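**Student:** What would the 3D arrangement of this be:
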Amino acid sequence: MTRRAGAILLAGLLVMAGAAAAVGLRLREAGPLVLTALERRLPGEVRATRTHLALWPPLRLTLDGLTATLPGAPAPYLEARRLVVAIDPFPLLAGRLAAGTVRLLEPRLVLRLEDGWWGGTASRPRPGAPPPREGRGEPGRPGPAPALPAAIAVEGGRLELAGGGRSAVLDGITGAVTRAPEGLWVAGEIASPPVRFVGRLEPLTATLEAEGTVRDLRSGPLALDGPFSLVVRPAGRSTLEARLDFTPAELALPGFVKRRGEPGLLTASLQSERRLLVRPLIVRLGPVEIEAEATLAPDRLTLSARTDRFPLDRLSLEVQGRTVEVGGEVTGAVGVEVRGLMAPELRGRLAVSDASLRLPGGPLPPITVRRGELRLEGRRRGAAPFRLVGALEARTGRWGGVPFDGLVVRLAADARRWALSRIALRAAGGETVGSATLDPTTREGRLRLSGAHLTLGPLLRLTAGDWPGRGGGLVRGELALRWRGLSWPELLETARGHGVLALEHGWLRVPASDRLGGRTVTVEELRVPYEVRGTTVTIRGLRGRGPTWELSGRGRVELGGELEVRLHGRRRDEPLEGLLGGSLSRPRLSVLRGGF
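**Tutor:** Residues are numbered from 1 along each chain as shown. Predicted coordinates for the structure are as follows:
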């Protein structure tokens, strides 16, 4: 080797050594540079418990115990067991961070809605908290923005949403975001709830197109199974349009199921300027279309929705394992406003047409509302429980086989007491009024009803629709009832009470039976006091009289079962005995001695 060649070699070695020393010195800054890059993209302070640099290709930096905490927050909103960054060493000579691939292992992101703002995304600190930091550079010199890595991979992630006493968790999140000439590709899956997805974000139009499959997702009252597609694109300044199509999937909500192939579509326009405004928000679920509007501000959430047609026969409601039969249609609007989760307010007005309701397992016949209106208001103030006030007013309808021309039910309910402050039904020529209360804690309920100027004929069609006989006259009555329980079986078992029924200026046309043969019996006065114990109604002290007869009697009635009342008296000084048997829906009067 010549002296000249040796000098060149020595110079080359010195240059290489100098470059390696420069890179080595810059490598010491890789950890702070990564933390600075994260802090510029994440709110709050970013820290790591340990930083480790591996020189063997590929050059990579590992940060263990990564956390991100908002100013004044008691706990981090982001935690990760490890962050691994593959680094290009040569841009470090210029003080730039160029990441190839970023792997985030077992991250945990917690978003809490506290005091009206999201703890993980709010830009304003809590009162009294120190101002947010500007980063790790020199004051007033934020430095160059870090470039996005070529790919970001997440393994074993967890997302927690909490607020208002409720929470939702997405667990086992695995996926990757990869840069490509045609845009950003996003692919991954969630273990719980089970979701797979793949999508593409176009850089020029900022349009996101994604599709995926949900397998038997169950989150609280919601269940979803099947494929979906999602498109999100900008539509002007600070505005996005979104379209979610899940027509091929099956969606189950409380009391409602959208079958596979039925329309399942959600379209929304999202505007963000100091608040998030979703208007319009249109939801199609089978035959139901709902138009809504939502506003999310730092201190409140408002939602209003309306529908022109909601067929009630699509509802599937159950009480104590038995199906409630409903029908008809509902139209109208409902609005909800929530302020800091401490003062929610609800207002709604719904029109009801041809709506029917049959309660399972109960003795009451079905009720149908031809035309009516339902109004709802609810609010919570401070620490007081949420209170709901409502009113149902129906102009026409039917109760069993009896038409009515007026129904009013007024409701007031909170966590401590449910009350029907007024029940008023105009039917059978008169009016029945009453009230009811129920304590959901002690499960104790009370009911009072009184009716006057009711005509006997419609009442017979209501309670004894199968009886071939006929009748007329004016009826009045009273009932005081108490029970313990929240279901029909509990009510029927524990009911205790008393009442009286009275008939004046009446008549009965009894069908063919023992010694009567379809005769009409005139009733000048009839009084029936009774006691209620469970499903048994005991009659004591029945008294009645007509132009030529008088009767007294006692017996019992089993609701939904047999009827047995023994009668005795006189007709024109002749002894008279009879038996009222059969059932409440089909009574049978037999004369054992004497005759009318």
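**Student:** so where's the stretch 451-596 of the chain shaky on pLDDT?
**Tutor:** Confidence mapping of the stretch 451-596 of the chain against pLDDT under 70 gives the ranges 463-469, 510-518, 594-596.
**Student:** likewise the stretch 201-350 of the chain?
**Tutor:** Under the criterion pLDDT under 70, the flagged ranges of the stretch 201-350 of the chain are 203-206, 219-221, 273-274, 298-299, 317-324, 338-343.
**Student:** just the helices in this protein please.
**Tutor:** Counting by DSSP state H, one finds helices in the chain at the ranges 3-27, 30-41, 456-463, 488-494.
**Student:** where do the strands sit along the stretch 151-300 of the chain?
**Tutor:** Listed in chain order, the strands of the stretch 151-300 of the chain (DSSP state E, counting those that start in this stretch) span 151-163, 166-180, 183-192, 195-201, 208-219, 222-234, 239-245, 250-253, 256-258, 264-272, 276-285, 288-297, 300-311.
**Student:** who's in contact with R60?
**Tutor:** The neighbourhood of R60, defined by C-beta atoms under 8 Å, 6 or more residues apart in numbering, consists of 53-54, 84-87. In this view, the C-beta of every residue, glycine as well, is placed from N, C-alpha and C.
**Student:** re the thing from before, pick out the shakiest of the helices of the chain, pLDDT-wise.
**Tutor:** Averaging pLDDT over each of the helices of the chain singles out helix 3-27 as the lowest, with a mean of 50.
**Student:** And the contacts of R60, which of them are buried?
**Tutor:** Neighbour-count burial within the contacts of R60 applies to 84-87; the criterion is 16 or more other C-beta atoms under 10 Å.
**Student:** Of these, which belong to strands?
**Tutor:** Among those, the subset assigned to strands under DSSP state E consists of 84-87.
**Student:** For the closest residue to R370 other than its chain neighbours, which residues count as its bridge partners?
**Tutor:** In space, and not counting its chain neighbours, R370 is closest to T396: 4.2 Å by C-beta to C-beta, 6 or more residues apart in numbering. The partner list for T396 in beta bridges (DSSP bridges) reads R371.
**Student:** And T396, how far from L411?
**Tutor:** With distances taken as C-beta to C-beta, to the nearest Å, T396 is found 21 Å from L411.
**Student:** What of T178?
**Tutor:** The separation that T178 has from L411, given C-beta to C-beta, amounts to 56 Å.
**Student:** OK, contacts around V565?
**Tutor:** Residues in contact with V565 (C-beta under 8 Å, 6+ apart) are 539, 542, 553-557, 579-581.
**Student:** Turn the residues you listed into TSV, including distance to E189 and neighbour count.
**Tutor:** Written out in TSV, the entries for the contacts of V565 read as follows (distance: C-beta to C-beta, whole Å; neighbours: other C-beta atoms under 10 Å):
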residue	distance to E189	neighbour count
I539	69	20
L542	74	20
G553	75	20
R554	74	14
G555	70	18
R556	66	17
V557	63	21
L579	75	18
L580	71	18
G581	70	16
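**Student:** Out of those, the closest to P254 would be?
**Tutor:** Within these, proximity to P254 (C-beta to C-beta) peaks at V557, which comes in at 37.7 Å.
**Student:** Let me see the ranges of the strands in the stretch 351-500 of the chain.
**Tutor:** Defined through DSSP E, counting those that start in this stretch, the strands belonging to the stretch 351-500 of the chain, from first to last, are 367-379, 387-399, 402-413, 418-427, 430-439, 444-455, 470-484, 496-509.
**Student:** Need the CA coordinates for the second one. CSV is fine.
**Tutor:** Which is strand 387-399. Coordinates of each C-alpha in strand 387-399 appear next as CSV, following Å, rounded to 0.1, in the frame of the first residue of the first chain:
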residue,chain,number,x,y,z
ARG,A,387,-88.8,12.8,37.1
LEU,A,388,-91.0,11.9,34.2
VAL,A,389,-94.4,13.5,33.7
GLY,A,390,-96.7,12.4,30.9
ALA,A,391,-100.3,12.5,29.7
LEU,A,392,-102.3,10.3,27.3
GLU,A,393,-105.4,11.8,25.9
ALA,A,394,-107.6,9.8,23.6
ARG,A,395,-110.7,11.1,21.9
THR,A,396,-112.1,7.8,20.7
GLY,A,397,-111.4,4.1,21.1
ARG,A,398,-112.7,0.8,22.4
TRP,A,399,-112.1,-1.1,25.6
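**Student:** Between the strands of the stretch 351-500 of the chain, which one is closest to P76.
**Tutor:** Between P76 and these, the tightest spacing by C-beta to C-beta is seen for strand 367-379, at 35.5 Å.
**Student:** Output the closest one as CSV - backbone C-alpha positions only.
**Tutor:** Taking C-alpha atoms only, strand 367-379 is exported to CSV below (Å, rounded to 0.1, in the frame of the first residue of the first chain):
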residue,chain,number,x,y,z
ILE,A,367,-107.8,-1.3,24.8
THR,A,368,-107.7,0.4,21.4
VAL,A,369,-107.1,4.1,20.8
ARG,A,370,-108.5,5.4,17.5
ARG,A,371,-107.2,8.9,17.8
GLY,A,372,-105.1,10.2,20.7
GLU,A,373,-102.0,12.1,21.8
LEU,A,374,-99.2,11.2,24.1
ARG,A,375,-97.1,14.0,25.8
LEU,A,376,-94.0,13.5,27.8
GLU,A,377,-91.7,15.7,29.9
GLY,A,378,-88.8,14.7,32.1
ARG,A,379,-86.0,16.4,34.0
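**Student:** What are the buried residues along it?
**Tutor:** Buried-residue list, strand 367-379, by 16+ other C-beta under 10 Å: 367-370, 372, 374, 376, 378.
**Student:** How about stretch 173-188?
**Tutor:** Under the neighbour-count rule (16+ other C-beta under 10 Å), stretch 173-188 has 173, 175-177, 183-184, 186-188 buried.
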